[in-house]
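**Student:** Just need the structure, nothing else, for what follows:
(2 chains)
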Protein chains: 2
Amino acid sequence: MDVDKKDSIASDSSDQVVNPWEVSAKDGGKIDYDKLIDQFGCQRLDASLIDRVQRLTSRQPHVFLRRGVFFAHRDFNEVLDAYERGDKFYLYTGRGPSSEALHLGHLIPFMFTKYLQEAFKVPLVIQLTDDEKCMWKNLSVEESQRLARENAKDIIACGFDVTKTFIFSDFDYVGGAFYKNMVKVAKCVTLNKAMGIFGFSGEDHIGKLSFPPVQACLSVPAVPSFPSSFPHLFPGKDKLRCLIPCAIDQDPYFRMTRDVAPRLGYSKPALIESSFFPALQAKNGKMSASDPNSAIYVTDTAKEIKNKINRYAFSGGQDSIEKHREIGANLEVDIPVKYLSFFLDDDTELEHIKKEYGEGRMLTGEVKKRLTEVLTEMVERHRMARAAVTDEMVDAFMAVRPLPSMFE
Amino acid sequence: MDVDKKDSIASDSSDQVVNPWEVSAKDGGKIDYDKLIDQFGCQRLDASLIDRVQRLTSRQPHVFLRRGVFFAHRDFNEVLDAYERGDKFYLYTGRGPSSEALHLGHLIPFMFTKYLQEAFKVPLVIQLTDDEKCMWKNLSVEESQRLARENAKDIIACGFDVTKTFIFSDFDYVGGAFYKNMVKVAKCVTLNKAMGIFGFSGEDHIGKLSFPPVQACLSVPAVPSFPSSFPHLFPGKDKLRCLIPCAIDQDPYFRMTRDVAPRLGYSKPALIESSFFPALQAKNGKMSASDPNSAIYVTDTAKEIKNKINRYAFSGGQDSIEKHREIGANLEVDIPVKYLSFFLDDDTELEHIKKEYGEGRMLTGEVKKRLTEVLTEMVERHRMARAAVTDEMVDAFMAVRPLPSMFE
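**Tutor:** Okay, the predicted model is just below:
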């Protein structure tokens, strides 16, 4: 059964809307991820698959796997089958450089991708869609490219291996083999299909449908899924499989890519998909770049982090200490606990906090204090790593070159 | 008055339809070029302008100017103003490589462009839109690129100066500065506008609207009009003007380009526009690549040329010799005379033929015989010139390089 073939590609039922532009649940409630898996037709990343990752990589699975942050996939099992037989794959992720400062939600796919690169020892391509941001966000070409380089520094600061990683700006890299694949993909998609899927109106720029589109259209995000788009990396390896770590709202793009792939003689890219990192105030949905108080930024000071957590992080604790001691916190809606489940490595400590807090022995203030420590340390570590990233290092990651230790 | 601003960009009245896909007049009659000038809002290329070309270039104007083949323009006078002040310009023309064999109609813009290059001593860029043909004609990338190189040989055989000419395939050249201009142009055009102008339906490929479009969309044909698209040719010369020789059915594309140009900080490209080279059988319209008997190909043998002219060239002569001697040929509909007016250089001989034939002293057979001689010689000359074009010469014309004697 080809689970990719669905008439409607975005999940847009009356209960919840999830597509690359909008994530919202009915009445501001929680996103139902089980339902999303059904709607999209992807597969649950279950315990047996996580065990298999542990076995194949001989290391503890990443916290994002253990805690179900990455919870869905397409064909990840096939990639592991091939890996077990000795076939490598490559990773592909990306970012639309629309702003200078990244928030913690932006880091999640990169932190996870770094883990996958280390654990599986595979090459990685990272696309910076400066062309798309230029088109959609009304940034100049020059400003889009400047932001791409600034964002590249944050990405590099996540710890990627320069001998296995190619970072590229579309404005720099589109052309040649990549452009040929763009045209091939575009040939496979009718305008009606594209407009229907992405809900374009006739007043949108033709560019939204046309060129840039990692987030916007179909061709550019699709193209890095095909190894022939990188002749300097994968010469003669047209059948190499690609694994894409991404948030689940990107699924519609890659479902289209997977439809097209076999028609062009390529393997379907596999996906490993995460839930959304919530805003400080909200119980669901994604962080918003437009409200700086909805997110912790990697540029925030320790004081700002403490202040944001104390003032804005939605608490599941009770209104009075008495009531809290009596019935405990509602962990389902508590943002500090949610954030700790993303970023507190220690499983034992997390379980302890959840138990104590959920049963009322620990107060919101204590949990927020622990979260402040965790995030301050993490942001400080990122800031130092980023400060050490030189322009020469950016040039090295972005150089069009073979990767020496690609398939070690 | 900005004559470019028209609501409907293609001429699509009830009397005649002229756009990049269709050229037809009511009841199969002649295209009314005067009316087309009014409809499109371009300017007539009048005798005073032709005199001015003669004066500025110190040579007899090309037969296509003397005989009104190139009959309309946009801002050509401004280009000449600047030229007279000592400012150079550059030429831009192109071809969509959809077939191996070119017919005589295909050669006309190249013959004329070669004259302009020689007369004004200016650089020239020639775009081969293999991307567009791949998209629209369902050719593979590889076949489109093969045809582009084959067509480049025919183009080079027209006698262009390698020290002043850059020929490029979109599949090879799109990227970098060119791609940046593609995105800039695309940002300026709404989807509605593009669809309205070009009459796309929702079932067309997104690619028709998106990437390739010299003939298809707006960005790619627009981009070579801007000197910054060629940083290896025109560094720091962003205000250099561009002159585009083309058939008048291409006007809608470049009207859009002219609208966009000032918004991107570029000069509007000037145009010099030709009427259509008629099919052998027809009194009007363009040659059709789908009917090999409607056109003389540069690959036709002397025997094929003679046969096609004798069998298919529509004659304005009378049904009987007696009647012909009495009232003479109808030169208005006579294809041999029309073809001679394109390709017989000698003004005196052409006038002699028109007088003798029009007054019945010369018969259709004699005119066809003379035309056969002229075309056979021309095709033979082309064939020899093309045979002398080596792959190394193609590589030389297509190399991304500065042009040494560009602004001599």
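**Student:** contacts and neighbour counts: CA atoms only from here.
**Tutor:** Noted.
**Student:** Distance-wise, check residue A:323 relative to chain B.
**Tutor:** Using CA to the nearest CA, to the nearest Å, we find residue A:323 at a distance of 57 Å from chain B.
**Student:** following the helix or strand hosting that residue, which helix or strand shows up next?
**Tutor:** Using DSSP states H and E, residue A:323 sits in helix A:321-327. Downstream of helix A:321-327, the first helix or strand assigned by DSSP H and E is helix A:335-343.
**Student:** that older thread, output the helix holding residue A:323 as CSV, restricted to C-alpha atoms.
**Tutor:** This file holds the C-alpha atoms of helix A:321-327, laid out as CSV (Å, rounded to 0.1, in the frame of the first residue of the first chain):
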residue,chain,number,x,y,z
ILE,A,321,0.2,26.5,47.4
GLU,A,322,-2.4,24.6,49.5
LYS,A,323,-4.3,23.4,46.4
HIS,A,324,-1.0,22.6,44.7
ARG,A,325,0.2,20.5,47.7
GLU,A,326,-3.2,18.8,47.6
ILE,A,327,-3.7,17.8,43.9
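**Student:** List the buried residues in it.
**Tutor:** A:324, A:325 (16 or more other CA atoms under 10 Å in any protein chain shown).
**Student:** Kindly report the same for stretch A:158-177.
**Tutor:** Quick answer for stretch A:158-177 (16+ other CA under 10 Å): A:158-162, A:164-177.
**Student:** Let's see which of those end up in helices.
**Tutor:** Using DSSP state H, A:170, A:171, A:172, A:173, A:176, A:177 are the members of these that sit in helices.
**Student:** Can you tell me the closest non-neighbouring residue to the last one?
**Tutor:** Using CA to CA, 6 or more residues apart in numbering or on different chains and skipping the chain neighbours, the partner closest in space to residue A:177 is residue A:229 (5.2 Å).
**Student:** Residue A:115 too?
**Tutor:** residue A:62 (6.9 Å).
**Student:** How far off centre is stretch A:336-349?
**Tutor:** 19 Å (CA atoms, centre = their mean, to the nearest Å).
**Student:** for residue A:354, what are its contacts?
**Tutor:** A:331, A:337 (CA atoms under 8 Å, 6 or more residues apart in numbering or on different chains).
**Student:** isn't residue A:151 right up against residue A:100?
**Tutor:** Yes - at 6.6 Å, residue A:151 counts as touching residue A:100 under the criterion of CA atoms under 8 Å.
**Student:** ok, stretch A:261-278 near chain B or not?
**Tutor:** No - residues of stretch A:261-278 are not located near chain B by CA under 8 Å from any CA of the partner chain, the shortest gap being 10.7 Å.
**Student:** Quick check, residue A:248 in contact with residue A:274.
**Tutor:** Yes - at 5.6 Å, residue A:248 and residue A:274 qualify as touching, with contact defined as CA under 8 Å.
**Student:** Could you verify my assumption that the residue nearest to residue A:177 touches residue A:175?
**Tutor:** No - contact criterion CA under 8 Å: residue A:229 and residue A:175 do not qualify, at 9.6 Å.
**Student:** distance of residue A:85 from residue A:78?
**Tutor:** From residue A:85 across to residue A:78, the span is 11 Å (CA to CA, to the nearest Å).
**Student:** nope, residue A:232 is what I meant
**Tutor:** From residue A:232 to residue A:78 the distance is 26 Å (CA to CA).
**Student:** Equivalent analysis for residue A:38, please.
**Tutor:** Counting by CA to CA - residue A:38 and residue A:78 are separated by 20 Å.
**Student:** intersection of neighbour lists for residue A:248 and residue A:274?
**Tutor:** Joint contacts of residue A:248 and residue A:274 (CA under 8 Å, 6+ apart) are residue A:72.
**Student:** can you give me the strands in the stretch 1-150 of chain A?
**Tutor:** A:11-12, A:16-19, A:22-25, A:43-44, A:70-74, A:89-95, A:124-128 (DSSP state E, counting those that start in this stretch).
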